[in-house]
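**Q** following is a predicted model, sequence given first.
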Amino acid sequence: MSLVGSVGAPDQRRRDILGALLFVFAWVFFTVEMMGVRILSADLAIPQLALVRTATQAVLMAGLAVVLGRRVVATRRIAMHGARALCSTSGMVLFYFAFALLPVAIATTLTFMQASFLTLFAALFLGEVVGWRRTSAVALGFVGVLVVMRPGFGGFDPAMLLALAGAAVSAALLVITRSLSLTDERWTIMFYSSVLGLAMIALPAALMWQPVSREHLVLLVLISLSGVVGQFLMVGAFQLAEASVLAPVDYVRLIFAVIAGYVLFSEIPDVWTGIGSVIILLSAATIAARRPDIAPPNEPMGTPR
C-alpha cells in the first residue's frame, strides 16, 4: 500500500495543503532562477549559466553518492542515462535562452506546451491510446501557440521557437524518466543527469566563457541555489500530496511570471498573449484532468533537470 493510501483523510488533507505550499514556494524559487538568468544573460553566456547551475547540483549529488554509497551509482542503463542528461541539459539551455530573449509571461506560457508534446510522444513512442478528448486538447494547445506567436502578423519572435523546443525536449525527458524509474532509484537518475550533463555543457561553456565580476557572483549563486532549492521543494511536494491536488497549483507560475516581468522589466502582456495563454492553460488542464499521472513520480512538469 502506498504512503498516501495508508493515511487517514484528515492527515492526507494536511499533507495535500503542505504539498501545495511547497509547490508554490518551489515556483517562487524557479521564478527567481529565471529572473537571474534574464539579468545575467546581458553579460554572460547562457551555456556558462547552465554550467554553474548544473555544477551546483552535480556537487550535491556527488556528496550524496559518498554518503549513500554504491546504491546511487549502480545502474545497467548508462546509455539511457546519457540520453536523459542530454535532454535535461539541452532543455535547460533552451529555456534559459527563451527567458533571456522573450517577455517573461510569453516564455512561461509556452512552457505549458510540454503537456501536449508529452501526449504526442506517449502515443508515438510508448504506444499509449490517446482518446479524442486529449487529442482535441493537444490541438487546442497548438491553436493557443498560434495566437501567442501570431506568425505573419508582426508579433512573431523567433525566440518563441526556442521555448517550444524546450517544451518538446522536456517532454522527451519525462518519457525517458518514466522508463528509467522502472529500474533505477530517483537519486541514481538525478546523479547521472547532473554529472553527465555537466560533462556535456562544459565545452560549450568554456568556448563561450565571459569574464565574471564580483557583482555577477551574487546572481550566479542565487541562480544555482534557487534552482536546486526549487527542485527539492518540488520533489517534497510530490512526495506529500497527490498529483491531482498539485496540478491546479502549477498554474501559479504564470502569475509569478507576470508579476516578475512587470516589476523587474516593466513588461505588460498584450491582449493576444492573454488570450493565447488562456487557451494553452485550458489545453494543459484538460490533458492533466484526463491523465493525472502525466508526470512521473518526483519529475514535475516544466522543470527539466
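**A** That came in fine, so what should we check first? Numbers count the residues shown, from 1 in each chain.

**Q** next up, the contacts around Val130.
**A** With contact taken as C-beta atoms under 8 Å, 6 or more residues apart in numbering, Val130 is in contact with 119, 122-123, 138. To be clear about C-beta, it is placed using only N, CA and C from the backbone, and glycine gets the same treatment.

**Q** let's verify it: helix, strand, or coil?
**A** Taken by DSSP: H, G, I helix; E, B strand; the rest coil, the conformation at Val130 corresponds to coil.

**Q** the chain should start at 379 in everything you say after this.
**A** With the count now opening at 379, the last piece we talked about shows up as Val508.

**Q** pretty sure Tyr570 is touching Ala461, no?
**A** No - taking C-beta atoms under 8 Å as the definition, Tyr570 is not a contact partner of Ala461, at 10.4 Å.

**Q** looking at those two, which is more packed in?
**A** Between Tyr570 and Ala461, counted using other C-beta atoms under 10 Å, the more crowded position is Tyr570 (24 against 17).

**Q** report the buried residues of the helix or strand harbouring the more buried one.
**A** Element membership of Tyr570 [criterion: DSSP states H and E] is helix 564-585. Of the residues in helix 564-585, those scored as buried under the neighbour-count criterion (16 or more other C-beta atoms under 10 Å) are 564, 566-576, 578-579, 582-583.

**Q** what average pLDDT does that helix get?
**A** The average pLDDT within helix 564-585 is 92.

**Q** distance between that helix and the chain's centre?
**A** Centroid separation between helix 564-585 and its chain, computed with C-alpha atoms, centre = their mean, to the nearest Å, is 16 Å.

**Q** what does that helix rub up against?
**A** 423, 425-426, 428-429, 432-433, 435-436, 438-440, 442-443, 446, 449-453, 456, 459-460, 462-464, 466-467, 470-471, 555, 558-559, 613, 675-676, 683.

**Q** and the pLDDT for Glu411?
**A** Among the per-residue scores, Glu411 shows a pLDDT of 94.

**Q** let me fix that: Arg683
**A** Looking at Arg683, its pLDDT reads 54.

**Q** could you do Val382 as well?
**A** Reported pLDDT at Val382 in the predicted model: 44.

**Q** Met379 too?
**A** 37.

**Q** count the neighbours of Leu595 for me.
**A** Leu595: 11 surrounding residues under other C-beta under 10 Å.

**Q** what helix or strand is it located in?
**A** Assigned by DSSP H and E, Leu595 belongs to helix 592-618.

**Q** which strands or helices does that helix pack on?
**A** Helix 592-618 sits against helix 387-418, helix 424-446, with contacts defined as 3 or more C-beta pairs under 8 Å, 6 or more residues apart in numbering; DSSP states H and E.

**Q** after it, which helix or strand is next?
**A** Following helix 592-618 in sequence order, the next helix or strand is helix 621-627 (DSSP H and E).

**Q** out of the helices and strands packed on helix 592-618, which gets nearest to Ala638?
**A** helix 387-418 (5.4 Å; C-beta to C-beta).

**Q** and the closest one, which residues are buried?
**A** 390, 393-394, 397-398, 400-418.

**Q** widest-spaced pair of the buried residues of helix 564-585?
**A** Pairwise distances among the buried residues of helix 564-585 were taken by C-beta to C-beta; the largest, 27.7 Å, belongs to Arg564 and Pro582.

**Q** torsion angles phi and psi at Pro647?
**A** Dihedral angles phi and psi of Pro647 (degrees, to the nearest 10) take the values phi -60, psi 140.

**Q** cool, and Gln588?
**A** Torsion angles, degrees, to the nearest 10, at Gln588: phi -120, psi 150.

**Q** what's the neighbour count on it?
**A** By the criterion of other C-beta under 10 Å, Gln588 has 12 neighbours.

**Q** ok, for it, nearest residue in space, not its chain neighbours?
**A** The spatial neighbour of Gln588 that comes closest, neighbours along the chain excluded (C-beta to C-beta, 6 or more residues apart in numbering), is Leu422 at 4.9 Å.

**Q** where does the one you found land in three-state SS?
**A** coil.

**Q** and it, what does it touch?
**A** 588, 590, 594.

**Q** and the first one, how far from His594?
**A** Computed with C-beta to C-beta, to the nearest Å, the distance linking Gln588 and His594 is 9 Å.

**Q** and for these two, which residues touch both?
**A** Once C-beta under 8 Å, 6+ apart is applied, the residues that Gln588 and His594 both contact turn out to be 421-422.

**Q** for the protein, give me the ranges with low pLDDT.
**A** 379-387, 529-533, 622, 668-683 (pLDDT under 70).
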